[in-house]
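[1] no sequence for this one, just the structure:
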């Protein structure tokens, strides 16, 4: 199922996907991901989510607006699935990705970061909270 949803995202990258279709893909991915995460030893879901925000993966295939849209999607997935990824993955993979997004000029990406930070803060250690989250907030504010 995850592969089918992922393929639908990729299939529609050049077409004008309706908002309703985007919402359905998002909801279904989240439902399936939440069911898989407790058993996901190969970190398939984590790799898919991080991949949505990877510039290099999409650079030659879609426009800048679509890349930003995928980054926002990546951040939303992180927010909703953060607890399922766990503390170690949040500190090792999610925070570095969020830090890289904090350098973006797009205000919508910055807004999504602000919505996501509380969910990440709930699961990371105080050390990461005091160092990394402060850096993200500082970058967003400038």
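    Nice, I can see it. Here the structure is a predicted model, which is why all the values come from computation and not from measurement.
[2] From now on I want contacts and neighbour counts done on CA atoms only, so please keep to that.
    OK.
[3] Residue 78 against residue 49, yeah?
    Yes - judged on C-alpha atoms under 8 Å, residue 78 makes contact with residue 49 at a distance of 7.3 Å.
[4] Comparing the two, which shows the higher neighbour count?
    residue 78 (26 against 21; other C-alpha atoms under 10 Å).
[5] Mind listing what's buried along the helix or strand containing residue 22?
    Per DSSP states H and E: residue 22 is located in helix 19-36. For helix 19-36, burial by neighbour count (16 or more other C-alpha atoms under 10 Å) applies to 25-26, 29-30, 33-34, 36.
[6] Next secondary structure element downstream of the helix or strand bottoming out on mean pLDDT in the chain?
    Ranked by mean pLDDT, DSSP states H and E, the weakest helix or strand in the chain is helix 55-58, scoring a mean of 58. Per DSSP H and E, the first helix or strand lying C-terminal to helix 55-58 is helix 64-89.
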